[in-house]
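Engineer: I'll drop the sequence and a predicted model, then ask my questions.
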Amino acid sequence: MKHGLRNYLENFMDKEPIFKDKMALQSNYTPEFISHRDEQIEQVASVLAPVLRLEKPSNLFIYGKTGTGKTLSVRYTTDEICQMAKEKNLPLKVVYLNCKLKKVVDTEYRIIAQLAREFGKDIPPTGLPTDEIYKIFYSAIDKERQFIVLILDEIDQLVKKIGDEVLYNLTRINADLHQSQITIIGISNNLLFTDHLDPRVKSSLSEEEILFPPYNAFQIQNILKQRVEVAFLPDTIEEGLIEKCAAYAARDHGDARRAIELIRVAAELAEREGSAKVNIKHLDMAEDKIEKDRIIDLVSTQPKQHQLVLYSIIHLANTKKESIITGEVYEIYKGLAGKMGFRPLTQRRVSDVVGEFDMLGLISVRVISKGRYGRTREINMSIVDQTKDKVLVILEEDLGLERTEG
DNA sequence: GTCAATTCACATGAAAGAGACCACGGTCTAGTG
DNA sequence: CTAGACCGTGGTCTCTTTCATGTGAATTGACGA
C-alpha cells in the first residue's frame, strides 16, 4: 500500500505537466489585456475620470449577463484610475463589495459594517443598533477629505435579499457628508433589475448606465486563447478544443467565465488521467462534472429539513409518472418527518422551500390552476437521472435513511 | 348553449415569535501588592 | 486595587409559524332561446 502510494506520487512527478500557470484560469485573475471590452472600459473611464479633477463622478449602473466581463472591466478601470490618483496624490479610495458573498453581506447591518471595516473601523458582527453602525460609517468616511468609489457587485442579489432601502440611504449619503464624496457603481447580472426598484433609487443610481453585451463565440475563442497561452504549456491542448469550448459557452449566453472554468476542469481531468493532451473527451467530462459538482455541493449543504423536502420530491419523481404537486410532496414529507422524529414544518414553509429549490435550479416549478381542483405548483426535476441517483444517495446518507425501494 | 358565480387547493404576503448570537455595562470574585 | 468572570439588557439574524388574503379555471347552476 505504502509502495503503491509512493509509486503513484513518483509517477505523478514524472508525468509531463499540463499547466504552466494555473492562476490564469482562476476566476479572480486579471489578465494584462482585456479583449473586446474596449468600448465599455472607455465608457466606465469617462464616467469616473472627473475624479481626477476632484469632481464627483456620476453614479454608474452597469448591467449585463454573467461572464461578460463586467467586474473585470470595472476593476481594471478603477485600478488604473486609483494608480493615477496615487501618483498625483489625490485622495481617492475604491471599495469593492461583492454582494453575492453570503455571510459577508446579506443584511443592511452587515453591508454598512463591512463598509465601515474597509475604512478601518472595527465593527462587531452583531449586537449594535443599525443606525449606530451608520453613524460609525459616516464618521469614518467624513473624517478626512476624500473621494470614494463604492462598487457594489451583484447588486440585484442584495436588493432581492434586503430591499432597496440601503441603496436609498447610500445614494443620499452625500448630502450628509461635509468633506467626502461618494460615488456608487452598481453591477447587476439581471437586465430587468431596475424595473422593480424604488424610482428615487433608480434615478439616482443610474445617472449613467452601461450595458455589457454577451460575447459571441469568436470573442470567447479569443479570450480563451489568451488565457490558455498563459495557463498551459505549449502543445497540451488538442487542436480545435478551444473552438469547441467557446462554442459550448456561447451556446449558453456567452459566458466567458464558464468557458474558462470548463477548460480548466477539462485539463484537471486530463492531468489526473495522465494524459499529455487535453481533448474533446475531457471537455465533455468536464461539462458533466461541473454541473454534477454544483448540484451535489448545493444539496449536501442544505439544512436537514430542506433535504427531507427534496428527498420527498425525488422519491415522488421516481415513483410517479405524471408531474408532482405541492400537496403530495407535503404529505410524503410529513410522513417521513414523523417517522424520523422531526417536527414537520408547516405547509406554508414547505411551499417556500420548494420555491427555493426552484431558484437553485434543482427543480423547475410552474404555478398551474386545475380549475375546480385548485391551484398548485407543478414540480419537475431538472437534474439528469444519473446525478439524481447520486443526489438520492447523498440525501439518504445525510438523513440516515434506509434505501426505499421503488 | 351561455354566462356568471362558486369552489378548490394551494400561492403569496405580512407580521410576529423563538432561539441563536453578540456587545455593552454593571456587579462580583479572586488574586496581587 | 484591579483584572477577569459572570450576569442582564438590548440589539440583530435566521428560520418558522400564524393569520390573511389572493387567484385561475373547472364546475355548477340559473337563465334564455
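Structural biologist: Sure thing, it's come through. Nothing here was measured: the structure is a model prediction, and the numbers come from that model.

Engineer: which bits of chain A sit near DNA strand C?
Structural biologist: A:106-110, A:126-130, A:303, A:305, A:343-346, A:348-349, A:352-353, A:369-375 (CB under 7 Å from any atom of the strand). C-beta here means a position set from N, CA and C on the backbone, and glycine is covered the same way.

Engineer: now, those residues that are in strands?
Structural biologist: Of those, the ones assigned to strands by DSSP state E are A:369, A:375.

Engineer: make a ChimeraX selection of the buried ones in the residues of chain A next to DNA strand C.
Structural biologist: Written as a ChimeraX command, the selection of buried residues from these, which uses 16 or more other CB atoms under 10 Å, is:
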select /A:106,108,109,110,305,344,345,353
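
Engineer: which ones among the residues of chain A next to DNA strand C map onto helices?
Structural biologist: Using DSSP state H, the members of the residues of chain A next to DNA strand C that fall within helices are A:108, A:109, A:110, A:130, A:305, A:348, A:349, A:352, A:353.

Engineer: ok, which stretches of the stretch 151-300 of chain A are strands?
Structural biologist: Taking DSSP state E, counting those that start in this stretch to define them, one finds strands in the stretch 151-300 of chain A at A:181-188, A:208-212.

Engineer: ugh, wrong one, I meant the stretch 1-150 of chain A
Structural biologist: The residue ranges that make up the strands of the stretch 1-150 of chain A, judged by DSSP E, counting those that start in this stretch, are A:60-64, A:92-98, A:147-153.

Engineer: list the neighbouring strands of the last one plus their orientation.
Structural biologist: The strands beside strand A:147-153 in its sheet (DSSP bridges) come out as strand A:92-98 (parallel), strand A:181-188 (parallel).

Engineer: now render the strands of the stretch 1-150 of chain A as JSON lines, adding mean neighbour count and mean pLDDT.
Structural biologist: Rendered in JSON lines, the data for those read as follows (neighbours: other CB atoms under 10 Å; pLDDT from 0 to 100):
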{"stretch": "strand A:60-64", "mean neighbour count": "23", "mean pLDDT": "89"}
{"stretch": "strand A:92-98", "mean neighbour count": "18", "mean pLDDT": "86"}
{"stretch": "strand A:147-153", "mean neighbour count": "23", "mean pLDDT": "88"}
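
Engineer: closest one to DNA strand B among these?
Structural biologist: Ranking those by distance to DNA strand B, with CB to the nearest atom of the strand as the measure, places strand A:92-98 first at 21.3 Å.

Engineer: still on that earlier bit, wait, which of the ones in helices among the residues of chain A next to DNA strand C is closest to residue A:80?
Structural biologist: In terms of CB to CB, no member of these lies closer to residue A:80 than residue A:110, at 29.8 Å.

Engineer: CSV for the strands paired with strand A:147-153, including distance to residue A:5?
Structural biologist: Listed next are those as CSV, based on distance: least, CB to CB, whole Å:
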stretch, distance to residue A:5
strand A:92-98, 40
strand A:181-188, 47
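
Engineer: re earlier: greatest separation within the ones in helices among the residues of chain A next to DNA strand C: which pair is it?
Structural biologist: Across these, no pair lies farther apart than A:130 and A:305, at 29.4 Å, counting by CB to CB.

Engineer: what does the stretch 151-300 of chain A have sitting close to DNA strand B?
Structural biologist: Counting by CB under 7 Å from any atom of the strand, no residue of the stretch 151-300 of chain A sits close to DNA strand B.
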